[in-house]
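Student: Here is a sequence together with a model predicted from it:
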Amino acid sequence: MKHATETFAPDFFVVGAAKAGTTALYNWLQDHPAIFLPAVKEPGFFAYADGAALPKCGPFDPNYFNQIAVDNESYSALYEKAGPRLTGDVSPVYLLNENAAERIAAARPDARIIIVLRDPVERAFSQYMHHVRDSLETCETFEQALAEESSRLAAGWSWGHGYATHGHYCAQIKRYLSVFPREQVLFLDFQDMQTEPEECWRQLCTHLSIEQRPLAQNERVNQTVGLTEISARPGITHRLRHPGKAQKLLKQILPWIVRAKIRQVIEGPGRPVPLLRMDTKRSLANRYQGERLRIKEMTGLSLTHWLTS
């Protein structure tokens, strides 16, 4: 560990993108005996250092934001049990945050960086579905959420509501390539992680200079796949998912079966899962088309499966 007055920084960072396979990478790496990852999956320290993590308004997951380390002491404490193992931080917010790359480079210029990208159209809708599933989205359609996106972000909603905005990878990638040598940055593609997990794992182990052990957890990690029904009353569901003091007390008193029946009545019947409309696909694909070649040049990824307008 560094001296208390210095900023602690782990050996490597998986910086994003969100909804592009970072949870799978966390599980892969956590399974390796030479790697230490904190129990808090997304510490987020280099995005929120000495600042406020909570969004100013809009729905958000308090469990996620309450776990973010906003000071060096609490961040370094997450790694106290690392021992001689290689330490890492998997925080997707680092890719889109404007300050994270420079902060990481200042604290750990020799850090290894992993950036995993996903077709920005698919990524945007996956993020929307994640929020719909967790009752963090007030718009009933993806199109409505896209229309309100700019005003929401300007008002201080959580970064996760930047569905289309955060699919503009060029500027995000440039921030890292401007402060880290290219050889310290590994680019992976979400689709390749699905179809060629062993090859992605080989690249990851080589990048981190660790032994390539068998990949024990190579299944997809995407909780919105197979989702067939969502809450018709997201506001109520959100409160039930994140209970206050009175609700927590009732949870201790009432049996599980009673709580389940009460919740079923309060939430009411579900509604069908929204689908991504073809015209919306094309509109978003057209939005990102101008960046495609530049991203390919910077990353070395083929991007052949990304949607085109």
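Tutor: Arrived safely. Numbers count the residues shown, from 1 in each chain.
Student: List the buried residues of stretch 172-181.
Tutor: Applying a neighbour-count criterion of 16 or more other Cβ atoms under 10 Å, one finds Gln172, Ile173, Arg175, Tyr176, Leu177, Val179, Phe180 buried in stretch 172-181. C-beta here means a position set from N, CA and C on the backbone, and glycine is covered the same way.
Student: Just put those in a markdown table and tack on distance to Arg213.
Tutor: Converted to a markdown table, the buried residues of stretch 172-181 look like this (distance: Cβ to Cβ, whole Å):
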| residue | distance to Arg213 |
| --- | --- |
| Gln172 | 31 |
| Ile173 | 29 |
| Arg175 | 32 |
| Tyr176 | 27 |
| Leu177 | 30 |
| Val179 | 31 |
| Phe180 | 27 |
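Student: For the residues you listed, give me CSV that also has distance to Asp50, secondary structure and pLDDT.
Tutor: Putting those into CSV (distance: Cβ to Cβ, whole Å; DSSP: H, G, I helix; E, B strand; the rest coil; pLDDT from 0 to 100) gives the following:
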residue, distance to Asp50, secondary structure, pLDDT
Gln172, 22, helix, 98
Ile173, 26, helix, 98
Arg175, 20, helix, 98
Tyr176, 22, helix, 98
Leu177, 26, helix, 98
Val179, 20, coil, 98
Phe180, 23, coil, 98
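Student: out of these, which one sits closest to His131?
Tutor: Set against His131, the nearest of those by Cβ to Cβ is Gln172 (20.5 Å).
Student: Skipping its backbone neighbours, what lies nearest that closest one in space?
Tutor: In space, and not counting its chain neighbours, Gln172 is closest to Leu95: 4.9 Å by Cβ to Cβ, 6 or more residues apart in numbering.
Student: who's in contact with the one you found?
Tutor: Counting by Cβ atoms under 8 Å, 6 or more residues apart in numbering, Leu95 makes contact with Val15, Gly16, Ala17, Ala18, Ile115, Tyr169, Gln172, Tyr176.
Student: do that again at 7 Å, thanks
Tutor: Neighbouring residues of Leu95 by Cβ atoms under 7 Å, 6 or more residues apart in numbering: Val15, Gly16, Ala17, Ile115, Gln172.
Student: element containing it?
Tutor: Using DSSP states H and E, Leu95 falls within helix 93-96.
Student: Ile113 now?
Tutor: Assigned by DSSP H and E, Ile113 falls in strand 112-117.
Student: what's the domain layout of the chain?
Tutor: 12-222+276-299, 229-272 (automatic domain parsing).
Student: Nearest to Thr308, out of those domains?
Tutor: domain 12-222+276-299 (5.7 Å).
Student: picking up where we left off before, could the contacts of Leu95 be laid out in TSV, adding distance to Ile295?
Tutor: Shown next, in TSV, are those (distance: Cβ to Cβ, whole Å):
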residue	distance to Ile295
Val15	15
Gly16	14
Ala17	11
Ile115	11
Gln172	10
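Student: which SS state does Phe187 fall under?
Tutor: Recorded secondary structure, Phe187: strand (DSSP: H, G, I helix; E, B strand; the rest coil).
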